[in-house]
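**Student:** What shape does this take:
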Amino acid sequence: MSWGTDQPGHPQEHPQQPQGYGYGYGQQQQPYGQPQYGGTPYPQQYVGHDQQGYAGEYVQEQASADYTAHPAPGPEPEPAPVPYAPPKPAARDRYFDTLRAVALVRVVTYHTFGWAWAGMVFPSMGIMFALAGTLMAKSLERPALKVIRSRIRRLLPPFWFWGFFVVVAMLIHDWMPGWQIVYWIVPLGDPPGNAWGEQAWEILWYLRTYLWFVLLSPLLLRVFRLAPVTVLVLSLAPILVVHFLWEPPDNRFGSALTDLATFLFCWILGFAHRDGVLQRLKPFAVVVLSLAAIGYGGWYAFTHQAETGSYDLDDIPLAQAFWSAGFVTLLMYAKAHFRIDFAGPARFRRLDRIVTIFNARAVTLYLWHEIALILAVPLIDRFWDVPAFETYLPLESQWFMFGIGWLLIAVFILLCGWVEDVAAKKKPRLLP
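**Tutor:** Below you'll find the model as predicted:
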């Protein structure tokens, strides 16, 4: 995900699960509040270079003329001090900020209702990888090692803080970890866990994939700049290889490889946007090829439901890759071609404030939203003990649970969001 600051997962050691890349790949997402819970999915803000502004000018005093006397020359008057003007805050790209905020809302919505069509309406994960790729290309104008350290530093502390509570809870519920617990320190592979905590930890595939993209970005960006358009188109080749020619092993390596292949195009697309490649492309070609990719992804999803029991893109990597490629390309090209900045919606202060909070607390929101939805179920169960609540509140409605889930997410943002400030070497705040 692209996290909201330009400061800017998954199977446990239990019996083999079907391979997949997200939200409990290989199984149909079940809405919360149903007999069986489903699972499933950073994260950076878009800023320009800092601009240093200076105000004020030197003002020289003029000595009054005296035509009747010739006083001895004295020391020249000193210039008035120049008032200090702090650097202007870097401008944020509200179009990208809004896309990220909507993507996070869609993630929570999907995990609440389990709607298979949600990923087609708005492919959140492809969008967040594209936004993260754009940020990474911008950041790599600086030394690569410094950039990678910065990205890892901003990601791991919130992950460790969240992981402490999840790991302790699983240990209390009889989890016996092995050496694979090291993935709870650096999630280069899917952190292990037990079935009791699966609903919380299975979303970590996104962090694992994001971390690998960060590590590979210096090489990927160098290759991309050799032949930008060719490399962008060929970035869909890996998902075709792992789907038609070579089946990855059903383990951590295979899951990581499938996820990287699925979203490689979106990450490279972020490079293309940052380098201005998209802006140079012909609108007709972009639209036709994007719609062709969407059409192929949709066709494949609907014609292979028998394999997964659903047309949910999260269960079909090939369909996800092509649908996301076409959809996200149109969004990114619209930004480059029409120079969309969303300055108009930013005038709505409350809405703009929500977008700001979502971007500044993207890692916190992503990590804690599943736990918030999990806790919403027993909390609503207690409401049934209050006659007035039972009579007047729609306790059986998924929408009611959706609302309670967001209230708990807000609580977690207030209680845990400060960790993102610490990770970014900022003063901790309840809200950004």
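
**Student:** Report the buried residues of the strand or helix carrying W160.
**Tutor:** Using DSSP states H and E, W160 maps to helix 144-172. For helix 144-172, the buried set under the neighbour-count rule, 16 or more other Cβ atoms under 10 Å, comprises 147-148, 150-151, 154-159, 161-163, 166-167, 169-170. Heads up, the C-betas are built off the backbone N, CA and C, glycines and all.

**Student:** Likewise for stretch 336-346?
**Tutor:** Buried positions in stretch 336-346, judged by neighbour count with 16+ other Cβ under 10 Å: 336, 342, 346.

**Student:** now for the helix holding W160, which elements pack on it?
**Tutor:** Judged by 3 or more Cβ pairs under 8 Å, 6 or more residues apart in numbering; DSSP states H and E, the packing partners of helix 144-172 are helix 124-139, helix 205-226, helix 362-383, helix 398-416, helix 418-423.

**Student:** Can you name every helix or strand that the shortest one contacts?
**Tutor:** The helices and strands touching helix 418-423, judged by 3+ Cβ pairs under 8 Å, 6+ apart, are helix 144-172, helix 362-383.

**Student:** Report the mean per-residue pLDDT for it.
**Tutor:** Throughout helix 418-423, pLDDT has a mean value of 96.

**Student:** now swap in the first one and tell me
**Tutor:** Mean pLDDT, taken over the full extent of helix 124-139, equals 96.

**Student:** and that helix, how far from the chain's centre?
**Tutor:** Relative to the chain's own centre, helix 124-139 is displaced by 8 Å; criterion: Cα atoms, centre = their mean, to the nearest Å.

**Student:** Which secondary structure elements does that helix sit against?
**Tutor:** In terms of contacts (3+ Cβ pairs under 8 Å, 6+ apart), helix 124-139 is packed against helix 94-113, helix 144-172, helix 205-226, helix 252-274, helix 317-338.

**Student:** what ranges of the stretch 51-200 of the chain fall below the confidence cut-off?
**Tutor:** By pLDDT under 70, the low-scoring segments of the stretch 51-200 of the chain are 51-91.

**Student:** give me that answer again for 50
**Tutor:** Residues of the stretch 51-200 of the chain meeting the criterion pLDDT under 50: 51-71, 84-89.

**Student:** Equivalent analysis for the stretch 301-432 of the chain, please.
**Tutor:** For the stretch 301-432 of the chain, no stretch is flagged by pLDDT under 50.

**Student:** if we can go back for a sec, adding distance to G297, write the helices and strands packed on helix 418-423 out as a markdown table.
**Tutor:** Conversion of the helices and strands packed on helix 418-423 to a markdown table gives the following (distance: least, Cβ to Cβ, whole Å):
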| stretch | distance to G297 |
| --- | --- |
| helix 144-172 | 29 |
| helix 362-383 | 24 |
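
**Student:** If it's not too much trouble, I'd like the helices and strands packed on helix 124-139 exported to JSON lines so that distance to L188 sit alongside each entry.
**Tutor:** What follows is the helices and strands packed on helix 124-139, written out as JSON lines (distance: least, Cβ to Cβ, whole Å):
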{"stretch": "helix 94-113", "distance to L188": "23"}
{"stretch": "helix 144-172", "distance to L188": "11"}
{"stretch": "helix 205-226", "distance to L188": "6"}
{"stretch": "helix 252-274", "distance to L188": "8"}
{"stretch": "helix 317-338", "distance to L188": "20"}
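
**Student:** who wins for proximity to A285 among those?
**Tutor:** Nearest to A285, of all the helices and strands packed on helix 124-139, is helix 317-338, at 10.2 Å by Cβ to Cβ.

**Student:** helix or strand right after that closest one?
**Tutor:** The helix or strand immediately downstream of helix 317-338 is helix 349-360, counting by DSSP H and E.

**Student:** Quick check: which helices or strands does that following helix pack against?
**Tutor:** Packing partners of helix 349-360 (3+ Cβ pairs under 8 Å, 6+ apart): helix 94-113.

**Student:** after the helix it packs on comes which helix or strand?
**Tutor:** helix 118-121.

**Student:** closest to S124 out of the helices and strands packed on helix 418-423?
**Tutor:** Nearest to S124 among the helices and strands packed on helix 418-423 is helix 362-383 (10.2 Å), distances taken as Cβ to Cβ.

**Student:** Give me the helices and strands touching the closest one, please.
**Tutor:** Helix 362-383 sits against helix 94-113, helix 144-172, helix 198-201, helix 398-416, helix 418-423, with contacts defined as 3+ Cβ pairs under 8 Å, 6+ apart.

**Student:** please redo it, this time with the cut-off set to 6 Å
**Tutor:** Judged by 3 or more Cβ pairs under 6 Å, 6 or more residues apart in numbering; DSSP states H and E, the packing partners of helix 362-383 are helix 94-113, helix 198-201, helix 398-416.

**Student:** about what we covered before: got the angle for the helix holding W160 vs helix 362-383?
**Tutor:** Between the axes of helix 144-172 and helix 362-383, defined by axes from the mean of the first three to the mean of the last three Cα atoms, to 10 degrees, the angle is 20 degrees.
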